[in-house]
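Student: take this sequence and fold it.
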Amino acid sequence: MNKIPSFTINHEKLLRGIYVSRKDEVGGDTVTTFDIRMKEPNREPALHPGALHTIEHLAATYLRNDPEWRDRIVYWGPMGCLTGNYLLMRGNLEPQDILDLMRRTFAFIADFDGDVPGAAPRDCGNYLLHDLPMARLEARKYLTEVLERMEEENMKYPE
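Tutor: Residues are numbered from 1 along each chain as shown. Predicted structure coming up:
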């Protein structure tokens with residue numbers, strides 16, 4: 001059985017950042033899957049599930065309403081390892097193309113105050129698993145420590 005490509009990335013060297021995980025042709029369009037890596041795998045604590053769930057709701061809300069990019073957003077969702085998120089977008093894109101979008105998205109999360117969109121029993125399959133204060137803290141940390149200081153090494157998978 002062949003390994004899937006994401007299992008071939010050296011997670012012992014992987015830094016926080018934005019990476020192209022894969023590009024697929026779908027109906028004549030390229031769909032780019034981004035690895036939005038918020039934690040260094042196996043070297044720092046993973047995101048708390050409640051924080052990650054809230055980040056999911058807030059990022060999806062922001063991205064699907066962004067006037068410039070909303071028509072290209074296919075999916076935003078958490079990684080099973082709790083170290084980041086996947087963003088699928090229509091278009092043949094690179095991390096540099098979405099850096100400003102990610103800065104705006106994580107600033108929105110870091111500054112969000114109010115009821116988390118879609119976090120009610122009718123709208124969410126696990127509405128009790130939300131942690132807005134921790135989501136804000138993690139978003140601010142990622143924004144200031146990674147997105148505002150992005151280097152090439154944070155946009156290219158390690159060898």
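Student: hey, where'd the helices end up in the chain?
Tutor: 49-63, 95-111, 132-145 (DSSP state H).
Student: what's the closest of these to residue 71?
Tutor: helix 49-63 (10.9 Å; CB to CB). C-beta coordinates here come from the backbone N, C-alpha and C atoms, glycine included.
Student: and the angle for the closest one with helix 95-111?
Tutor: In terms of direction (axes from the mean of the first three to the mean of the last three CA atoms, to 10 degrees), helix 49-63 departs from helix 95-111 by 120 degrees.
Student: so what touches helix 49-63?
Tutor: For helix 49-63, the surrounding residues in contact (CB atoms under 8 Å, 6 or more residues apart in numbering) are 47, 69-70, 73, 76-78, 82, 85, 87, 101, 104-106, 108-109, 112, 116-119, 124, 126, 129-132, 134-135, 137-139.
Student: list the buried residues for it?
Tutor: Neighbour counts over helix 49-63 (16 or more other CB atoms under 10 Å) mark 50-63 as buried.
Student: tell me which two of these sit farthest apart.
Tutor: Greatest spacing in the buried residues of helix 49-63, by CB to CB: 50 and 63 (20.4 Å).
Student: ok so, going back, could you dump the helices of the chain to JSON lines with distance to residue 10?
Tutor: Formatted as JSON lines, these follow (distance: least, CB to CB, whole Å):
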{"stretch": "helix 49-63", "distance to residue 10": "23"}
{"stretch": "helix 95-111", "distance to residue 10": "18"}
{"stretch": "helix 132-145", "distance to residue 10": "21"}
